[in-house]
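Chemist: task: produce atomic coordinates for the following.
(one chain, ligands or ions: 1)
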Amino acid sequence: MQHNNSERLHEEALKVIVGGVNSPSRSYKAVGGGAPVAMERGQGAYFFDVDGNQYIDYLAAYGPIITGHAHPHITKAITKAAETGVLYGTPTPHEVTFAKMLQEAIPSMEKVRFMNSGTEAVMTTIRVARAYTGRNKVIKFAGCYHGHSDPVLVAAGSGPSTLGTPDSAGVPAVIAADVITVPFNDPDAFKDAIEKWGAEIAAVLVEPIVGNFGIVEPIKGFLELINEYTHNAGALVIYDEVITAFRFTYGGAQDLLGVQPDLTALGKIIGGGLPIGAYGGKKEIMDKVAPVGPAYQAGTHAGNPASVLSGIACLEVLKQKGVYEHLDRLGALLEKGIAETAATHNMPITINRLKGALTVYFTNEKVMNYEQAENTDGELFGKFFKLMVEQGIMLAPSKYEAWFITIAHTEENIEATIHAVQNAFEALAK
Ligand code: PLP
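Modeler: Numbers count the residues shown, from 1 in each chain. The predicted structure follows:
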């Protein structure tokens, strides 16, 4: 497969765009380097790159493209928005319709607010929780990614339940010191943190099903325990459902698992591919937000007709019968195919899958927390990634990311992918 145009484009990009990419996760740094493949077009389950190569897409833009690319219903909605004006700076009927749809699908979001990204949504839930509780500290879980606002770019301190340190240059130590990071799926570490800091905690922030060190489900009772201890400490539970909402069911992970947070942050899928974020929660908490309450949050593009109409159209597609069954069925086929191939080639892998999202880790061990994900073989993944790209299968260039199946994927796509995995494992075994 030729990548001359991608390579040339990357050289040009490096001159004008920092690192040649507009988000660090798009770089191939974590998979041994090289020019990232640049795409020209997406259609259904396929990508077409600038060299004319075709790929089956499992990147799905890191989650949002659950309907596949250029879904006709969403394209029609975006076209309508383009024809009727994409930004008004006034209320619109569409945003009310969309808020009602979200509220109906995720009932814990009694009131919502739209914004432009998942980062903004999470950042604001933290502000609202601080405004509501009058406290500053936040507990989060190691390896969960919550966007790039200061309070969540924080690494764990030197031991369990110590105060955080900045995880990025430019994040003030005073901000990091208000964040405590504990391991996911570790009830004792969480209880310790609450015992130590409970009276100062404003919120506990968690991805109810992790999507950022691969797909990792909570152990039985973990989310219930978080709710119990957090509420007893007088703090709020925030679910970051930027990846998980509408990914596994028509609703949030909270609806799938039957555990409700106080506040929820959304993004990705709910924009149908256009930029969006939203947050919401209990009415009495949301009433802290301006113009009703004292916690400020605003946005020139917030609730813009293009993203909202695209989001409504996306949810209309997802509401159709059989959507999630299709994702689950293809996910199960892919998991089975990869697992069987790995067994044949003696390849040490662990697959974490929930419905249409899965992660293939290069390890024999279980992966239930970030440390275990970190200990998987990144070098082997890097080689595997490149072998898959060369066969026209596009994955995310990181061992920590999920493969996302879309409703446009077919059984034939899955078979072709398993065949490519077979070839890749064969090459790796040599
Ligand atoms: N929260 C989670 C769980 C995410 O996975 C991401 C992005 O990957 C974000 C928040 C940030 O969203 P955005 O990239 O739209 O700012």
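Chemist: residue in the stretch 201-350 of the chain with the shortest distance to the ligand?
Modeler: The ligand sits closest to V242 of the stretch 201-350 of the chain, with a gap of 3.5 Å, by Cβ to the nearest ligand atom. Any C-beta I mention is one placed from the backbone N, CA and C, and that applies to glycine too.
Chemist: show me what from this structure comes close to the ligand.
Modeler: Within reach of the ligand by Cβ under 6 Å from any ligand atom, the chain has these residues: 62, 117-119, 122, 145-147, 207, 211-212, 240, 242-243, 267.
Chemist: out of those, which are buried?
Modeler: 62, 117-119, 122, 145-147, 207, 211-212, 240, 242-243, 267 (16 or more other Cβ atoms under 10 Å).
Chemist: and of the residues you listed, the nearest to P294?
Modeler: Nearest to P294, judged by Cβ to Cβ, of those is V122 at 20.1 Å.
Chemist: spell out the residue ranges of the helices in the stretch 251-400 of the chain.
Modeler: 253-257, 283-286, 305-318, 323-344, 370-374, 378-390 (DSSP state H, counting those that start in this stretch).
Chemist: out of those helices, flag the one nearest G272.
Modeler: Short answer: helix 305-318, nearest of those by Cβ to Cβ, at 3.2 Å.
Chemist: residues in contact with the closest one?
Modeler: With contact meaning Cβ atoms under 8 Å, 6 or more residues apart in numbering, helix 305-318 is reached by 66-67, 71, 73-74, 76-78, 80-82, 84-88, 92, 94-95, 97-98, 101, 105, 114, 116, 246, 250, 269-276, 301, 323-324, 407.
Chemist: now with 7 Å?
Modeler: Residues outside helix 305-318 that contact it (Cβ atoms under 7 Å, 6 or more residues apart in numbering): 66-67, 71, 73-74, 77-78, 80-81, 85-86, 88, 92, 94-95, 97-98, 101, 114, 246, 250, 269-276.
Chemist: one more: stretch 59-66?
Modeler: Stretch 59-66 has contacts (Cβ under 7 Å, 6+ apart) with 25, 243, 246-247, 268-269, 271, 273, 318, 394-396, 404, 406-407.
Chemist: pull out the buried members of those residues.
Modeler: Neighbour counting by 16+ other Cβ under 10 Å classes 243, 246-247, 268-269, 271, 273, 318, 394-396, 404, 406-407 among the contacts of stretch 59-66 as buried.
Chemist: tell me the centre residue of the chain?
Modeler: I243 (3.2 Å; Cα atoms, centre = their mean).
Chemist: would it count as being in a helix?
Modeler: No - under DSSP: H, G, I helix; E, B strand; the rest coil, I243 falls outside any helix and is assigned coil.
Chemist: what values do phi and psi take at the nearest residue to it once chain neighbours are set aside?
Modeler: In this structure, I243 finds its nearest non-sequential neighbour in G211, 3.6 Å apart by Cβ to Cβ, 6 or more residues apart in numbering. Main-chain torsions, G211, degrees, to the nearest 10: phi -120, psi 0.
Chemist: quick one, what contacts G211?
Modeler: So G211 contacts I243, T244, A402 (Cβ under 7 Å, 6+ apart).
Chemist: what do you get for V154?
Modeler: If you count contacts by Cβ under 7 Å, 6+ apart, V154 has them with G164, P166, D167, V171, A176, V179, T181.
Chemist: next one: the residue nearest to the second one when sequence neighbours are not counted from the ligand, what distance?
Modeler: By that I understand P166. In this structure, P166 finds its nearest non-sequential neighbour in A176, 4.6 Å apart by Cβ to Cβ, 6+ apart. To the ligand, A176 is 18 Å away according to Cβ to the nearest ligand atom, to the nearest Å.
Chemist: these two touch, right, A176 and G164?
Modeler: Yes - A176 lies in contact with G164 (Cβ atoms under 7 Å); the separation is 4.4 Å.
Chemist: so which of these two has more stuff around it?
Modeler: Neighbour count, other Cβ atoms under 10 Å: between A176 and G164, G164 has more, with 25 against 21.
Chemist: just checking, that one touches L153?
Modeler: No - here G164 does not reach L153: they are 9.5 Å apart, not a contact under Cβ under 7 Å.
Chemist: contacts only, for L256.
Modeler: F248, T249.
Chemist: make that N304, sorry
Modeler: V86, L87.
Chemist: now Q391: how far from the ligand?
Modeler: According to Cβ to the nearest ligand atom, Q391 and the ligand sit 26 Å apart.
Chemist: do you know how far that residue is from F385?
Modeler: 11 Å (Cβ to Cβ, to the nearest Å).
Chemist: K336 too?
Modeler: For K336, the distance to F385 - Cβ to Cβ - is 21 Å.
Chemist: among the contacts of V154, name the buried ones.
Modeler: With burial judged by 16+ other Cβ under 10 Å, the buried subset of the contacts of V154 is G164, P166, V171, A176, V179, T181.
Chemist: farthest-apart pair in those residues, please.
Modeler: Going by Cβ to Cβ, the pair spanning these furthest: V171 and T181, at 13.3 Å.
Chemist: most neighbours per residue, which of the helices of the stretch 251-400 of the chain?
Modeler: Highest mean neighbour count among these (mean count of other Cβ atoms under 10 Å): helix 305-318, with a mean of 23.
Chemist: just the CA trace of that helix, in CSV.
Modeler: Backbone C-alpha positions of helix 305-318 (Å, rounded to 0.1, in the frame of the first residue of the first chain) are rendered in CSV as follows:
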residue,chain,number,x,y,z
PRO,A,305,-28.7,24.6,14.9
ALA,A,306,-26.2,22.6,12.8
SER,A,307,-24.9,20.4,15.7
VAL,A,308,-28.4,20.1,17.2
LEU,A,309,-30.1,19.1,14.0
SER,A,310,-27.3,16.6,13.3
GLY,A,311,-27.6,15.3,16.9
ILE,A,312,-31.4,14.9,16.6
ALA,A,313,-31.0,13.0,13.3
CYS,A,314,-28.4,10.7,14.8
LEU,A,315,-30.6,9.8,17.8
GLU,A,316,-33.5,9.2,15.4
VAL,A,317,-31.3,6.7,13.6
LEU,A,318,-30.2,5.1,16.8
